[in-house]
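Trainee: For reference, the sequence and a predicted model appear below.
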Amino acid sequence: CGTCGSALGGLSAASAGDLAHCRATMQHEFFADCAELYAVPIRVHGTTLGLFNLFLRRAGGLPEEVRALFGTIGEHLGIALENARLTREAMRATLLGERQLLASHVHDSIAQTLAYGKMRFAALREAERAGEHERAGRYLAEIEDALEVAYSDLRQLITQFREPTDTRGLAAAVSDAVEAFRE
């Protein structure tokens, strides 16, 4: 309606004493007791995100300081909504980064180890068909080692993604990683 449209298009709240349009549109008993409407824009950085409406039982206008307070509340709501949106985006970006990191770890470690095991399994099958039991035993041992490495990498990856980031900082985390690699 005109009042809400004025508030959305303008920089400040709009008010109306005639609520016939609200009553007709909403057809709810709530509006029977309302005498005045204040439509307050919810804004952030010059962009209107929406508005909130205050329906008052008594007409007669609100003091200017109260109207200014409603404007400030609209700005605070806008900031809160923008912060919530930014938080959701940051969480989404973090999740996407973690997924990419996980996929990279799986590809770089586990997938390559399993591919090696698959190649060794084909060689094992050939050795068995040729009756070369000694060579087959060597391939079987290599497959067992590869599976153990893949399992260990997977357990380490799961543990790594469950643990919080090292609070001691990057240098300590790198030092720990180097020590683990040495072992």
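Mentor: On my side now, so go ahead.
Trainee: Enumerate every residue touching His105.
Mentor: Taking Cβ atoms under 8 Å, 6 or more residues apart in numbering, we find His105 in contact with Leu157, Gln160. For every residue, glycine as well, the C-beta is placed using N, CA and C.
Trainee: Quickly find the element holding it.
Mentor: Remark: His105 resides in helix 64-105, with elements defined by DSSP states H and E.
Trainee: what stretches of this structure score poorly on pLDDT?
Mentor: Within the chain, the segments meeting pLDDT under 70 span 1, 161-166.
Trainee: where exactly do the strands run in it?
Mentor: 14-16, 36-44, 47-56 (DSSP state E).
Trainee: any chance of those strands in CSV, plus distance to Lys118 and mean neighbour count?
Mentor: Formatted as CSV, the strands of the chain follow (distance: least, Cβ to Cβ, whole Å; neighbours: other Cβ atoms under 10 Å):
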stretch, distance to Lys118, mean neighbour count
strand 14-16, 70, 19
strand 36-44, 55, 22
strand 47-56, 54, 15
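Trainee: TSV for these, including distance to Arg168?
Mentor: What follows is the strands of the chain, written out as TSV (distance: least, Cβ to Cβ, whole Å):
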stretch	distance to Arg168
strand 14-16	56
strand 36-44	38
strand 47-56	41
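Trainee: The ones you listed: which one's closest to Gly71?
Mentor: Of all those, the one in closest proximity to Gly71, counting by Cβ to Cβ, is strand 36-44 (6.6 Å).
Trainee: Please list the residues outside the closest one that contact it.
Mentor: Strand 36-44 is contacted from outside by 3-4, 6-8, 10-17, 19, 22, 48-56, 58-62, 67, 70-71, 73-75, 77-79, 81-82, using Cβ under 8 Å, 6+ apart.
Trainee: just the buried members of those?
Mentor: Using 16 or more other Cβ atoms under 10 Å as the burial test, the contacts of strand 36-44 include 3-4, 6-7, 13-16, 19, 22, 48, 51, 56, 62, 67, 70-71, 74, 77-78, 82 as buried.
Trainee: measure the residue of the chain most remote from its centre to Ala141 for me?
Mentor: The outermost residue of the chain relative to its centre, with distances by Cα atoms, centre = their mean, is Gly131 at 56.8 Å. Look at Gly131 and Ala141: by Cβ to Cβ, to the nearest Å, they are 18 Å apart.
Trainee: what does Asp108 give?
Mentor: To Ala141, Asp108 is 24 Å away according to Cβ to Cβ.
Trainee: Next: Cys4.
Mentor: Counting by Cβ to Cβ, the gap from Cys4 to Ala141 is 77 Å.
Trainee: Ok, Phe121 next?
Mentor: Following Cβ to Cβ, the distance that separates Phe121 from Ala141 is 12 Å.
Trainee: cool, and Pro63?
Mentor: Pro63 sits 87 Å away from Ala141, taking Cβ to Cβ as the criterion.
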